[in-house]
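Peer 1: This is the structure alone, sequence omitted:
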Ligand code: CA
């Protein structure tokens, strides 16, 4: 029986992975291995080009080195996160970098520490691409409405209802709730929330975020003093639990 072997052994065919890495030998080795596994491998050798390619090609996954010329991996990640939830795997070299990556300050989904084996890298890539993402996420579009328990948010009309009853929120507070609800279970740092809602030009205090969280809690929690929907993750930020 003759089976087209490539199709059978390459379940990953069609998924694209963008690798942003300035060490050319390492870049070539990663590309080679990804392609051998059936992925479409795209590459860039500095942060700026990586950013451009990420928004043009909309890859299914990003492998991002931390130390990059022109724009480092942290900055690239921060800018990408403002418009996309593409899974990001960091390549880190130093302990200091690792602390920041692990601290989830940046919205990275996973990381590997150099030097790493190709087998380990490919296993991570495979696992990350298996995690479910909504089709709207893949297209980079926000969902039209988000429901959780008795809460329903409709983005186009900027309306929130609780148990069918309309609830009013100030615009930024509404956006904050929408951001957290759209990523249920994911922790956002105050810095990430400021970036997403106020933009990178905002000069101010992360306490602004705390104030908005308090306003939202007063509207959606049974007891705003003991919140169970928007929870505080000590030392990190906030998470919507449902
Ligand atoms: Ca590098």
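Peer 2: Done, it's in. Predicted, not measured: the structure shown is a model, and the values here were computed from it.
Peer 1: What ranges does this protein have for its helices?
Peer 2: 5-9, 24-36, 47-57, 73-81, 95-102, 118-130, 135-138, 171-182, 190-198, 207-220 (DSSP state H).
Peer 1: how about a markdown table for these, with mean pLDDT added?
Peer 2: As requested, these are arranged in a markdown table below (pLDDT from 0 to 100):
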| stretch | mean pLDDT |
| --- | --- |
| helix 5-9 | 43 |
| helix 24-36 | 96 |
| helix 47-57 | 94 |
| helix 73-81 | 87 |
| helix 95-102 | 60 |
| helix 118-130 | 89 |
| helix 135-138 | 48 |
| helix 171-182 | 89 |
| helix 190-198 | 82 |
| helix 207-220 | 93 |
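Peer 1: Of all those, which one is nearest residue 109?
Peer 2: helix 118-130 (6.1 Å; C-beta to C-beta). Quick note: C-beta positions are derived from backbone N, CA and C, even for glycine.
Peer 1: wait, doesn't residue 42 sit right on residue 20?
Peer 2: No - here residue 42 does not reach residue 20: they are 9.3 Å apart, not a contact under C-beta atoms under 8 Å.
Peer 1: ok, the two, which is more surrounded?
Peer 2: Counted by other C-beta atoms under 10 Å, residue 42 and residue 20 do not tie: residue 20 has more neighbours, with 28 against 19.
Peer 1: for the more buried one, what are its contacts?
Peer 2: 43-47, 49-50, 53, 62-65, 68, 73, 76 (C-beta atoms under 8 Å, 6 or more residues apart in numbering).
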